[in-house]
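> Here is a sequence together with a model predicted from it:
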Amino acid sequence: MDHQQDDHRQAPLRLAIVGYGNLGRGVEKAVAKNPDTALVGVYTRRGPASVKPASGVAVHAVADLLAHRKDIDVLILCGGSKDDLPVQTPEYARHFNVVDSFDTHARIPEHFAKVDAAARAGQTTALISAGWDPGLFSVNRVMSEAFLPDGASYTFWGKGLSQGHSDAIRHVPGVAAGVQYTIPVAEAMDKARSGLRPELSTREKHQRECFVVLKPGADADAVRRAIVSMPDYFSDYDTTVHFISAEVLARDHAGMAHGGFVIRSGDTADKVRHVIEYRLQLDSNPEFTASVLVAGARAVHRLHQSGQHGCRTMLDLSPALLSPRSAQELRAGYL
């Protein structure tokens, strides 16, 4: 990792944000925690004057992005996975090094292929699906399986608010606002931890609970049907939809805590059983995801500097690429 040796003496990594919602604000906070990075701009589809970043960084219209291309090392895309990122990431990867947190698991191969083609055409470097799942949990699933090839893996999410599923709810016609909580089934988790390798269906492992504010005149039954039948998000789960007022949503559902578990059980010999468990407990889902995005941007910049173009996922990155520390520091203090 010789490219890391002098990183601490280089100019800060210049990052820009596209989209200033919960995730964009989280990226702004994460940049402040990483002294080797600098936020050089926020780009928005809204009127720039209406966006007031806490850091005071300049706000621009997304239409101005290409004009600022030389001032940005990595673009961090903070849109939603349902409608924004499938369009934005390949579009911007033609011109910028980019990072996104695309989290529709079933569509990651398709998203990867589009972004990879765009990045190779533009000779840029892209990282998709950088977050905690997909992201950190993906890495732990692969590592655990490599270490215990004779075994079974289980992933549980929650209880917590899912950004991607909440965004999907808000795109349903008739919905004014809403959030979705992912709830792991305790009995299923106990079975996974037993090491007995139970077969657990998607529906057996999690429940989904939605709290929705309707637009005036919206058909509640139609909204409920649209949510519970939505492929890739709700159709494979037992999903409950509650209709509430905007006041109750603001009062009771403003928190963004989340977390989860990756569990792998396996045998190395007859009656020699092992269980690996990795856990995340997050006060703020978007702020933690944003921290992963900033570390991912560091890795993207290093890959691009070494002449590596195209798309990557977290599975393709070594921990050293993500770290701000030099190779010597990592060998001396972390092995």
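Nice, thanks for sending it over.
> CA only for contacts and neighbour counts going forward, please
OK.
> Could you pull up the residues touching Val51?
Val51 makes contacts with 20, 59, as judged by CA atoms under 8 Å, 6 or more residues apart in numbering.
> Give me the distance between it and Gly21.
As judged by CA to CA, to the nearest Å, Val51 and Gly21 stand 10 Å apart.
> Then Ser153?
34 Å.
> Give me the below-cutoff pLDDT ranges for the protein.
Under the criterion pLDDT under 70, the flagged ranges of the chain are 1-9.
> Okay, strands next: where are they in it?
Counting by DSSP state E, the segments of the chain that form strands are 13-18, 37-44, 59-61, 74-77, 98-99, 125-127, 151-157, 160-161, 175-184, 206-214, 238-243, 258-269, 272-282, 310-312.
> Next, count neighbours for Arg107.
Here the number of neighbours of Arg107 (other CA atoms under 10 Å) works out to 13.
> now it: how far from Pro231?
Per CA to CA, Arg107 is found 11 Å from Pro231.
> Likewise for Lys82?
From Lys82 to Pro231 the distance is 11 Å (CA to CA).
> Who has more neighbours out of the two?
Higher neighbour count among Lys82 and Pro231: Lys82, with 18 against 11, using other CA under 10 Å.
> quick one: that one from Asp167, how far?
Distance of Lys82 to Asp167, computed by CA to CA: 7 Å.
> Same question for Asp36.
32 Å.
> on that earlier part again, Ser153 and Gly21 - which one has more neighbours?
Taking other CA under 10 Å, Ser153 and Gly21 do not tie; Ser153 has more neighbours (21 against 15).
> Pretty sure the more buried one sits against Val275.
No: using CA atoms under 8 Å, Ser153 is not in contact with Val275; the gap is 9.7 Å.
> Could you pull out the residues contacting both of these two?
Both Ser153 and Val275 are contacted by 263-265, under the criterion CA under 8 Å, 6+ apart.
> can you redo those residues as CSV with neighbour count?
What follows is these, written out as CSV (neighbours: other CA atoms under 10 Å):
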residue, neighbour count
Ile263, 23
Arg264, 27
Ser265, 24
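> Give the single residue among these positioned nearest to Leu214.
Nearest to Leu214 out of these is Ile263 (CA to CA; 38.0 Å).
> Name all residues that make contact with the closest one.
153-155, 192-193, 275-278.
> go on, Arg203?
Shown in contact with Arg203 (CA under 8 Å, 6+ apart): 236-238.
> just to revisit the earlier point, what's the overlap in contacts for Lys82 and Asp167?
Common contacts of Lys82 and Asp167 (CA under 8 Å, 6+ apart): none found.
> still on that earlier bit, what touches both of Lys82 and Pro231?
Joint contacts of Lys82 and Pro231 (CA under 8 Å, 6+ apart) do not exist.
> Buried residues in the lengthiest helix in the chain, which are they?
With secondary structure taken from DSSP state H, the chain has its longest helix at helix 285-305. Across helix 285-305, burial judged by 16 or more other CA atoms under 10 Å covers 285-304.
> In contact with the residue lying farthest from the centre of the chain, which residues are there?
If you look at how far each residue of the chain sits from its centre, by CA atoms, centre = their mean, the farthest one is Asp270, at 38.7 Å. By CA under 8 Å, 6+ apart, no residues touch Asp270.
> mind checking how far it is from Arg197?
From Asp270 to Arg197 the distance is 15 Å (CA to CA).
> Verify the stated contact: Asp116 with Thr313.
No: counting by CA under 8 Å, Asp116 stays clear of Thr313, with 10.6 Å between them.
> out of these two, which sits in the busier spot?
Asp116 (25 against 20).
> got a list of what that one touches?
Counted by CA under 8 Å, 6+ apart, Asp116 has contacts 90, 126, 310-312.
> cutoff 6 Å now
By CA atoms under 6 Å, 6 or more residues apart in numbering, Asp116 lies in contact with 310-311.
> domains of the chain?
What automatic domain parsing lists as the domains of the chain is 2-131+286-334, 136-284.
> ok, and which of the ones you listed has the densest surroundings?
domain 2-131+286-334 (a mean of 19; mean count of other CA atoms under 10 Å).
> what's the offset of that domain from the middle of its chain?
Domain 2-131+286-334 sits 12 Å away from the centroid of its parent chain (CA atoms, centre = their mean, to the nearest Å).
> any idea how far the closest residue to Leu214 other than its chain neighbours is from Ala226?
Leaving aside its sequence neighbours, Leu214 sits nearest to Val175 (CA to CA, 6 or more residues apart in numbering; 4.7 Å). Val175 sits 11 Å away from Ala226, going by CA to CA.
> Any idea what Arg208 is bridged to?
Counting by DSSP bridges, Arg208 forms beta bridges with Thr182, Thr239.
> Enumerate every residue touching it.
By CA under 6 Å, 6+ apart, the neighbours of Arg208 are 181-182, 239.
> Save those as TSV, and put in distance to Gln207 too.
Output for the contacts of Arg208, formatted as TSV (distance: CA to CA, whole Å):
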residue	distance to Gln207
Tyr181	8
Thr182	6
Thr239	6
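> Out of these, the closest to Arg25 would be?
Distances from Arg25 to the contacts of Arg208, taken as CA to CA, are shortest for Tyr181 (21.3 Å).
> From Tyr43, how far out is the residue nearest to that closest one when sequence neighbours are not counted?
Setting aside the residues directly before and after it, Tyr181 is nearest to Leu161 in space (CA to CA, 6+ apart), at 4.5 Å. Distance from Leu161 to Tyr43, counting by CA to CA: 26 Å.
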